[in-house]
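K.L.:
give me the fold of what follows.
(chains A and B)
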2 protein chains.
Amino acid sequence: MDNRPIGVFDSGIGGLTVVNALAKVLPDEAIFYVGDTARVPYGNKSEKSIQQFSYEITNWLIQQDCEIIVVACNTVSSIALQELKNQFSLPIIGVIDPVVNHAIISSRNSNIGILGTQATIKSDAYQKCIMSINSKINIVSQACPLFVPLVEEGWVSGKVPLSIASVYLEKIKNTNVDTVILGCTHYPFLKNVINKVLGNKIQLVDSGESTAKIVAALLHHKKLLTDKHQGGIRCFVTDDPKSFDAFAIKFLNRKILKTNIIDLF
Amino acid sequence: MDNRPIGVFDSGIGGLTVVNALAKVLPDEAIFYVGDTARVPYGNKSEKSIQQFSYEITNWLIQQDCEIIVVACNTVSSIALQELKNQFSLPIIGVIDPVVNHAIISSRNSNIGILGTQATIKSDAYQKCIMSINSKINIVSQACPLFVPLVEEGWVSGKVPLSIASVYLEKIKNTNVDTVILGCTHYPFLKNVINKVLGNKIQLVDSGESTAKIVAALLHHKKLLTDKHQGGIRCFVTDDPKSFDAFAIKFLNRKILKTNIIDLF
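P.N.:
Below you'll find the predicted structure:
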């Protein structure tokens, strides 16, 4: 039994999709969420910068006495996860392994598509993870740099996202892919648009639910589940909390405790 | 006579439009350019963060012995220019005053449109500057948050930018506006698209050329022009220089000296 909070972080608001899934599966656990809103987005930044940013956040969450760290950011999970695991001794869970396992189970014809930020796609992290499990799977990947600003702008339906998605998804549409990994925590907000372009025969899998299940299993296995009813989400951001709060309340559709600004750099 | 360099900065690559104009008007001056590529974009961040970032950069440029600072960022010019002028004693020039003067001279019917980032538009800096010169001018402003990521993605022509511009420019199109200020250093890259949506009767004015003229006049007036033929652009960025360099060389179409990474935070 361990009553310490679960630490979750992302570059901005996107990781709230993972927080939402965690809060559903583990309603009694306290969750601390850091959004690095002063430096968002990470997806078009260098490996070195992303490693430094995620080191600073993980270190801060550990100082807040978190029992486990969930890296709710595909870019960080692709580029900095092993580094973080080398630097810190507590359990650190990324979003790639869980969603890759989910996608491999879901695919009927072993043709999997991956959508992600430039940094995620460039890192080949998804490809490597898939190949390490089943090297016969055919992979088609595509960077979609405009999806994050689209979601941040709140344009998740209508003509503009549809025309952007049509450009990005053209390559995948012309293959036999039957399962597509939404390899960025922002992308689930564009699920309807992506579905419209790809058609209903292609299944979309995202990191939230699959990562939450793995975290729950790990806490159970390591006997780290809380014995209190202390569930609650506390958010910390590196820029002014105002617009973050407006989004979080609307999206999470559940109470969050006061969002605080923190000084990381 | 002063042989020290001109310091220019922006959140990312956009300020190179101002550097380009400066290098044309002042070919003998050395130019130091800082792009804060680790924290780009600024346009959707808070006033406090933007003030802190621009203080750090200005301070660094002064340490490099710059004789004047050109804030080649509309967001910083809107939000932090007065703060910087209070904190430092050397001449600091923003991009708003020059382009506003240009727009007022250009407009035949005193109806001016302003396009900018969320932070720029929210700050009302352009409106205040215009009203202080001529309070009878009618102003229509519009935030265009997706224009910066579009330019950074290199999508500056074709269907997608056209559909995004059509949404943002609808309001301005339905007015008598005859002159539109491109209130962000990235926007000149989308000039053709904006022209296509607004039609050729509406004149677009941008900050590069007008700011360069003001800087040249000031250096001349204060007897700070160089007496050497030392022209050359040195770039400094806060993230990996690789993608910055590729863009800079392509866009500037002139030699730049080696880009260095600097540690600001």
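
K.L.:
what helix or strand is A:I121 located in?
P.N.:
Under the assignment given by DSSP states H and E, the secondary-structure element containing A:I121 is helix A:118-123.

K.L.:
quick check: next helix or strand after that helix?
P.N.:
As assigned by DSSP H and E, the chain's next helix or strand after helix A:118-123 is helix A:125-133.

K.L.:
so for the lowest-mean-pLDDT helix or strand in chain A, what gets flagged as buried?
P.N.:
Each helix and strand of chain A was given a mean pLDDT (mean pLDDT, DSSP states H and E); the minimum falls on helix A:241-252 at a mean of 82. When burial is assessed from 16 or more other CB atoms under 10 Å in any protein chain shown, helix A:241-252 yields the following buried residues: A:P241, A:S243, A:F244, A:F247, A:A248, A:L252. To be clear about C-beta, it is placed using only N, CA and C from the backbone, and glycine gets the same treatment.

K.L.:
so after that helix, what's the next helix or strand?
P.N.:
Going C-terminal from helix A:241-252, and assigning secondary structure by DSSP H and E, you next hit strand A:260-261.

K.L.:
which other helices and strands contact the least confident helix or strand of chain A?
P.N.:
In terms of contacts (3 or more CB pairs under 8 Å, 6 or more residues apart in numbering or on different chains; DSSP states H and E), helix A:241-252 is packed against helix A:16-25, strand A:232-237.

K.L.:
that one vs helix A:16-25, what angle?
P.N.:
Going by axes from the mean of the first three to the mean of the last three CA atoms, to 10 degrees, helix A:241-252 is angled at 50 degrees with respect to helix A:16-25.

K.L.:
distance from helix A:241-252 to the middle of the chain?
P.N.:
Relative to the centre of its chain, helix A:241-252 is centred 17 Å away, using CA atoms, centre = their mean, to the nearest Å.

K.L.:
over to stretch A:234-248?
P.N.:
Here stretch A:234-248 shows a centroid-to-chain-centroid distance of 17 Å under the convention CA atoms, centre = their mean.

K.L.:
show residues contacting it.
P.N.:
Residues from elsewhere that reach stretch A:234-248, judged by CB atoms under 8 Å, 6 or more residues apart in numbering or on different chains: A:5, A:12-13, A:16, A:30-39, A:256-265, B:44-49.

K.L.:
surely A:I104 meets A:P98?
P.N.:
No - under the criterion of CB atoms under 8 Å, A:I104 is not in contact with A:P98, lying 11.2 Å apart.

K.L.:
which one of those two is surrounded by more residues?
P.N.:
Here A:I104 and A:P98 are compared on neighbour count by other CB atoms under 10 Å in any protein chain shown; more neighbours surround A:P98, at 23 against 18.

K.L.:
count of neighbours near the closest residue to the more buried one other than its chain neighbours?
P.N.:
Counting by CB to CB, 6 or more residues apart in numbering or on different chains, A:S210 is the residue found nearest to A:P98 once chain neighbours are left out, at 3.9 Å. By the measure other CB under 10 Å, the count of residues near A:S210 is 22.

K.L.:
repeat for A:K136
P.N.:
The criterion is other CB under 10 Å. On that basis, A:K136 has 6 neighbouring residues.

K.L.:
need the per-residue pLDDT for A:G12.
P.N.:
The predicted local confidence for A:G12 comes out at a pLDDT of 89.

K.L.:
ok, the one 4 residues further on next?
P.N.:
pLDDT, the model's per-residue confidence, is 92 for A:L16.

K.L.:
pick out the residue in the stretch 151-265 of chain A sitting closest to chain B.
P.N.:
With CB to the nearest CB as the measure, A:D240 is the residue of the stretch 151-265 of chain A nearest to chain B, at 3.3 Å.
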